[in-house]
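**Q** Below: sequence and its predicted model.
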Amino acid sequence: MQFLSTSGGAPAARLESALQNALAPDGGLYVPESLPRFDRSDLEGCERLPEVATRLLAPFFAGSTLASSLTEIAGDALDIPAPLVPLDGQPGAHVLELYHGPTAAFKDFGARFLAACLSRLESKRRTVLVATSGDTGGAVAAAFHRRTGTRVILLYPAGGVSPRQAQQLGCWGDNVETLCVRGTFDDCQALVTGAFSDAALVARHGLASANSINLGRLLPQTSYYAAASLAHRRASGRPVSFIVPTGNLGNALACVWARAMGMPIEEIVLATNANHTITDYLRTGHWQPRASIATPASAMDVGNPNNMARLLAFAGDADGVRGCVRAQAVSDDAIRDEIASTFRESGRIACPHTAVALRVLRELPAQERADREWVVVATAHPAKFDTVVEPIIGGTIAVPDTLAALLDQPAHAELIDARLDVLVTALERGSQGRSR
């Protein structure tokens, strides 16, 4: 399979090029030239996530040098529990828990898969450049930590992540460098985009992206939507509908692609916070990026979601987007109230991002709520957001062992201005990372 640029001005690329370069030469994002279509029988016997991923992603890897390694890549990267569990007290509702990986967030699936792919591609030296609103950076650092020949530079907004997320971003050392940017996530993302727009800089440092602009992050995410929907169909005979907490649109797009490939998925509802770019677009048909707003669901604080280019490439225009997804915004007060209500009603402790999706579920029209099987996507472990969640529930959250080990490490981040020349200076230092 070949991959095309959303901007339409670059030649088709092989998978290897799309994974290593992230952005096409014309500045667009890579998308598959077509999406394969599967029948239910095509995935019979595939129950574990690596098995589903191997079958589902085979058409995308066809003709690439990685095709023969796909089973091994999926087995190494996606051997993470992703249980679909009933939501207590709410018949027909489930939670897809995607936070059981090494950094307790759904980003572990895509980051580990991308690292497994890139490590099998020849490169003398690679610098992975990542903008993060919290969870991406930690997942990428964990996936690439101490991989020979790879340097990782993380950029996160000062004051824009939780204290435990900041710890996760700065605790690695070795080949991982952490930059704390005076600005927002959108400023961090603009720095990364600016760096990738400089062809000489890209070539000199072997720049690669591990943000959701990289196709290698998105493709494996389709597999957990496939696995969950297929498992539910086998158990109940019914398709499912997903409510996806949405910031940069990558996770939601993976769900859209999974449905388009024939998975038993009905409705897809995007749950957003007070950053209304997506909901406003669906309401007005006009795309108006704006400065991001800080909310309790900090990883979703995105004012210019760049994966909209991919969604438009798939759907065609605003009417097409409205035909495949809908969106609902949730206020800061409602996020906090949902954390409290969910805990009081079921004992479940939700991170702020999962709470956004739970509130959208709560506010569905009664008939629609009853007519479909709903799955709320739980994107992160609540222990990562203890300063938000614990005062609301009036207790402490047990910390997963993998997260606790990271919190015990010393951490460091360099504070920088949100200027491309400052980032270039950091790149040119050529550091191999700090050693501890």
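**A** That came through fine. Because the structure is a prediction, the values reported are computed rather than measured.

**Q** The stretch 301-436 of the chain: helices as residue ranges?
**A** 308-315, 318-324, 332-346, 352-362, 366-371, 386-393, 401-407, 420-428 (DSSP state H, counting those that start in this stretch).

**Q** Which among these is found nearest to Val31?
**A** Of all the helices of the stretch 301-436 of the chain, helix 308-315 sits nearest to Val31, with 5.1 Å by C-beta to C-beta. The C-beta positions use only the backbone N, C-alpha and C, and glycine is treated the same way.

**Q** Can you tell me which helices and strands the closest one packs against?
**A** Counting contacts by 3 or more C-beta pairs under 8 Å, 6 or more residues apart in numbering; DSSP states H and E, helix 308-315 packs against strand 30-32, helix 250-260, helix 318-324.

**Q** Make TSV from those and add mean pLDDT, mean neighbour count and distance to Arg55 to it.
**A** Listed next are the helices and strands packed on helix 308-315 as TSV, based on pLDDT from 0 to 100; neighbours: other C-beta atoms under 10 Å; distance: least, C-beta to C-beta, whole Å:
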stretch	mean pLDDT	mean neighbour count	distance to Arg55
strand 30-32	97	24	16
helix 250-260	97	25	13
helix 318-324	96	14	24
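
**Q** pLDDT weak spots in the chain?
**A** The chain contains residues with pLDDT under 70 at 124, 430-436.

**Q** before we move on, the earlier item: wait, which of the helices and strands packed on helix 308-315 is closest to Asp42?
**A** Among the helices and strands packed on helix 308-315, helix 250-260 sits nearest to Asp42 (C-beta to C-beta), with 13.5 Å.

**Q** quick check: angle from that closest one to helix 308-315?
**A** Here the directions of helix 250-260 and helix 308-315 differ by 10 degrees (axes from the mean of the first three to the mean of the last three C-alpha atoms, to 10 degrees).

**Q** how about the helices and strands packed on helix 308-315 in a markdown table, adding distance to Ala139?
**A** Shown next, in a markdown table, are the helices and strands packed on helix 308-315 (distance: least, C-beta to C-beta, whole Å):
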| stretch | distance to Ala139 |
| --- | --- |
| strand 30-32 | 21 |
| helix 250-260 | 12 |
| helix 318-324 | 27 |
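
**Q** mind checking which of the ones you listed is nearest Ala111?
**A** helix 250-260 (11.7 Å).

**Q** Can you tell me which helices and strands the closest one packs against?
**A** The helices and strands touching helix 250-260, judged by 3+ C-beta pairs under 8 Å, 6+ apart, are helix 215-236, strand 240-245, strand 265-272, helix 308-315.

**Q** try 6 Å this time
**A** Applying 3 or more C-beta pairs under 6 Å, 6 or more residues apart in numbering; DSSP states H and E, one finds that helix 250-260 makes contact with helix 215-236, strand 240-245, strand 265-272.

**Q** Could you say which of the ones you listed is packed most deeply?
**A** Among the helices and strands packed on helix 250-260, ranked by average contacts under mean count of other C-beta atoms under 10 Å, first place goes to strand 240-245 (a mean of 26).

**Q** Quick check: can you name the pairing partners of it and their directions?
**A** Here strand 240-245 has these sheet partners by DSSP bridges: strand 265-272 (parallel), strand 374-378 (parallel).

**Q** could you redo those strands as TSV and give each row distance to Val85?
**A** Listed next are the strands paired with strand 240-245 as TSV, based on distance: least, C-beta to C-beta, whole Å:
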stretch	distance to Val85
strand 265-272	18
strand 374-378	9
